[in-house]
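>>> Below are the sequence and a predicted model; questions follow.
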Amino acid sequence: MSGTYTVRDSMTMLRRNLRHIRRYPSLSIMLVAQPILFLLLFVYVFGGTLGAGLPGHEGGGNRGDYLAFIMPGILFMTIASIALGTAISTATDMTTGIIARFRTMNIARLSVLTGHVLGAVIRTGCAVVIVTAFAFLLGFRSDAAPLGWLAAIGLLILIAFALTWLTVGMGLAADSVETASNTPLFLMILPFVSSGFVPTDAMPAGLRQFAEHQPFTPMINTLRALVTGAPTGSDRWLAIGWCILIALLGYLWSRRLFLRVPAT
Amino acid sequence: MTATNPAIEVAGLTKSYGEHAVLDGVELTVPQGTVYALLGPNGAGKTTIVNILSTLLAPGDGEIRVAGFDVRREPAGVRAVIGATGQFSAIDTLLTGRENLRLMADLTHLDRAAATAAVTMMLTRFDLADAADRRAQTYSGGMKRRLDLAMTLIARPQIIFLDEPTAGLDPRSRRNLWAIVREQVADGVTVLLTTQYLEEADQLADRIGVLDNGRLVAEGTAAELKRRVPGGCVSVRFTDTAGLAAAVSVNPQASTDTEALTLRLPGDGSIAGLRRLLDTLDDDRVAGLTVTSADLDDVFLALTGHAAEASAAEEIPA
């Protein structure tokens, strides 16, 4: 196989993927609208009450404090939402005849998947910018230094990379596009059982333990620390470790699914 | 690959899905620069063979070499020399025709200038220049098939697999496609195609393999196969009822259609047989003559003892 062409083939596939994203904008719009709707819902419907329960604010926080609190969770959901779209677009792509053609060509075999992943990371970047801009419109302000933001962007990219390899695997494993749109839904649910939307202290014992130790909590905690300019502590390493582990498992799983020569 | 190596060598190829044997000891050899047609009904195993040869599907048993490369152990070698066009269009419908071709040129690792030139050339040659910047999704069936084939050929493969290349095409598109295949063969390319139409195999192939229930039941040139088939039919149309009646009196075995003033006789495919029949007819009373050769149904009936409708085994998805 042409190992020397891995980068070139992946870039070719990325161009193909970006064209797909441009030609099918409704999916992107839906995927970005999702976290924005959550943002509006949480800030304006629940924000007044939930803000009052936030610790560390004299006499309870307000809507604005709650917006600041959930911002990392919302950014995480933005990534999860795009990742869900990646499962759908990967599964859809696998149903098209051109994939069979790619398989009969002497190209870097995984480049089709790399194209999806890189395309998704770029799409996530755009979505994160849009959602963040929206949060600023709603009054979100950050005390973070530029270096903090830079680190936050780095972490966001790492999370996107990890979740995307995972959802590419889900897209490949799904027997239909419908299945592919359902299996990654837990990525949208799990942030609620984390430190993303309420402090974990408020949860009952069993749930709290789960929420404190599930992989998304250190990611969200680190993001929160970075965008508010607080110290990240040991969560930083946990977050990076989980991302690398999820990315690696997702990659190996996708690779196995895609490379096997089917017996049927 | 030396000039003496066959392009495709298949020996003892089997493939089964559970209990159901799809291929049962297929043997075939295709010399370089020739066209081999696999003829058979749906479910006979044609697509399975093509998928195995193009490394899309793992074979069961057997020795399978393409351009000298073992499909199991050296799939990359196989992929480097083949091009495949399947039954279902292997095009990216969200991209334009030009973008689809450019995608293939890029994946073939042509440099920028060569890629642009190759794309332009293919668009013109396959009569797609006017539609080049429209999404392939808007193309007609014939245009999609042409684009599909252009995408296969832009990589200049030495061996091409065409799985039912003209299924669903109108006669004109079908003839255009045949012309393209002939050009490729003239350039030294080896072609393996599958078809349900004897005429197509007849038009294109040097050798034809008749596949039935996963077995090659006959192999040979079109002429050889047709010789084994006593089918075919001669129809003679007369100017008046008297002419028809006279002909019937000397050819009592014929079937007649008095309204169409037509006499139908089973032919034996030979000139001598046809001449004997013509000698019994009165020239002035004959309005027209049609000789129909054996079709796939006749070939099948003769070679397998059953008609060529899709075998009981359903088409296996690949």
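Arrived safely.

>>> ok, which stretches of the stretch 1-150 of chain A are helices?
A:6-23, A:25-40, A:47-52, A:63-94, A:97-103, A:111-137, A:146-173 (DSSP state H, counting those that start in this stretch).

>>> By mean pLDDT, point me to the weakest helix or strand of chain A.
Counting by mean pLDDT, DSSP states H and E, chain A has its least confident helix or strand at helix A:47-52, which shows a mean of 87.

>>> what's it packed up against?
Applying 3 or more CB pairs under 8 Å, 6 or more residues apart in numbering or on different chains; DSSP states H and E, one finds that helix A:47-52 makes contact with helix A:63-94. (C-beta placed from N, C-alpha, C; glycine too.)

>>> what's the offset of the helix it packs on from the middle of its chain?
From the chain centre to the centre of helix A:63-94 is a distance of 5 Å (CA atoms, centre = their mean, to the nearest Å).

>>> list the helices and strands it packs on?
helix A:25-40, helix A:47-52, helix A:111-137, helix A:146-173, helix A:177-182, helix A:186-189, helix A:216-228.

>>> Might you report the residue contacts of A:Gly196?
A:Ile70, A:Pro72, A:Gly73, A:Phe76, A:Met77, A:Phe216, A:Thr217, A:Ile220 (CB atoms under 8 Å, 6 or more residues apart in numbering or on different chains).

>>> now A:Leu67
A:Leu67 neighbours (CB under 8 Å, 6+ apart): A:Leu39, A:Val43, A:Gly47, A:Ala135, A:Leu138, A:Gly139, A:Phe140.

>>> and what of B:Ala37?
B:Leu192, B:Leu193, B:Thr194, B:Thr195, B:Glu200, B:Ala201, B:Leu204, B:Ala205, B:Arg207, B:Ile208, B:Gly209 are the contacts of B:Ala37 under CB under 8 Å, 6+ apart.

>>> how about a cut-off of 7 Å?
B:Leu193, B:Thr195, B:Ala201, B:Leu204, B:Ala205, B:Ile208 (CB atoms under 7 Å, 6 or more residues apart in numbering or on different chains).

>>> Near the second one, how many other residues are there?
Read it as B:Thr195. 25 (other CB atoms under 10 Å in any protein chain shown).

>>> give me the low-pLDDT residue ranges for the stretch 101-250 of chain B?
Confidence mapping of the stretch 101-250 of chain B against pLDDT under 70 gives the ranges B:229-232.

>>> Torsion angles phi and psi at B:Ala132?
Backbone torsions for B:Ala132, taken as degrees, to the nearest 10, come to phi -60, psi -40.

>>> Excluding residues flanking it in the chain, which one is nearest it?
B:Arg98 (4.4 Å; CB to CB, 6 or more residues apart in numbering or on different chains).

>>> Return the backbone torsion pair for the residue located most distally from the centre of chain A.
Distance from the C-alpha centroid of chain A peaks at A:Gly59, with 34.4 Å (CA atoms, centre = their mean). When read as degrees, to the nearest 10, the backbone of A:Gly59 gives phi 70, psi 20.

>>> how close does it get to A:Asp65?
11 Å (CB to CB, to the nearest Å).

>>> just A:Thr12 next, same as before
Distance from A:Thr12 to A:Asp65, by CB to CB: 48 Å.

>>> Please apply the same query to A:Met94.
45 Å.

>>> for B:Leu95, same thing?
48 Å.

>>> quick one: secondary structure of B:Leu211?
strand (DSSP: H, G, I helix; E, B strand; the rest coil).

>>> Find the residue at the geometric middle of the chain.
Looking at chain A here, since you left the chain open. Nearest to chain A centroid, counting by CA atoms, centre = their mean: A:Ile79, 2.4 Å.

>>> Chain B was what I was after
B:Thr195 (3.6 Å).

>>> Tell me what that one is bridged to.
Going by DSSP bridges, B:Thr195 is paired in beta bridges with B:Leu39.

>>> which non-adjacent residue is nearest residue 131?
Because you didn't say which chain, this covers chain A. Closest to A:Val131 by CB to CB, 6+ apart is A:Thr78, at 4.8 Å.

>>> try chain B instead
Nearest one to B:Ala131, counting by CB to CB, 6+ apart, is B:Gly97 at 5.7 Å.

>>> which ones are touching the one you found?
Here B:Gly97 is in contact with B:Leu123, B:Leu128, B:Ala131, B:Ala132, B:Arg134, B:Ala136, B:Leu147 (CB under 7 Å, 6+ apart).

>>> go on, B:Leu204?
B:Val35, B:Ala37, B:Trp178, B:Val181, B:Leu193.

>>> May I ask which of the residues you listed has the most neighbours?
That'd be B:Ala37 among those, by other CB under 10 Å, with 26 neighbours.

>>> Could you report the separation of the residue lying farthest from the centre of chain B from chain A?
Distance from the C-alpha centroid of chain B peaks at B:Ala242, with 44.0 Å (CA atoms, centre = their mean). Distance, B:Ala242 to chain A, by CB to the nearest CB, to the nearest Å: 60 Å.

>>> for that residue, helix, strand, or coil?
B:Ala242 - assigned by three-state DSSP - is helix.

>>> how much space between A:Trp149 and chain B?
35 Å.

>>> same question, A:Pro191
With CB to the nearest CB as the criterion, A:Pro191 and chain B are 32 Å apart.

>>> which residues does A:Arg103 contact?
B:Leu56.

>>> For A:Leu155, see how far away it is.
Distance from A:Arg103 to A:Leu155, by CB to CB: 35 Å.

>>> before we move on, what about B:Leu110?
40 Å.

>>> hang on, the earlier thing: of the contacts of B:Leu204, closest to chain A?
Checking the contacts of B:Leu204 against chain A with CB to the nearest CB, the nearest one is B:Leu193 at 15.4 Å.

>>> Apart from its chain neighbours, what residue comes closest to that closest one?
B:Leu162 (4.0 Å).

>>> Same check on A:Asp93?
A:Asp93 sits nearest to A:Ile99 (CB to CB, 6+ apart), 6.3 Å away.

>>> Pull the number of nearby residues for B:Gly86.
Neighbours of B:Gly86 under the rule other CB under 10 Å: 23.

>>> That one - nearest residue in space that isn't next to it in sequence?
Per CB to CB, 6+ apart, closest to B:Gly86 is B:Asp163, 4.9 Å.

>>> quick one: contacts for that neighbour?
B:Thr47, B:Val50, B:Thr85, B:Gly86, B:Gln87, B:Thr194 are the contacts of B:Asp163 under CB under 7 Å, 6+ apart.

>>> Can you get me a residue count around B:Ala129?
14.

>>> May I ask you to confirm that it is in contact with B:Leu123?
Yes. B:Ala129 lies in contact with B:Leu123 (CB atoms under 7 Å); the separation is 4.7 Å.
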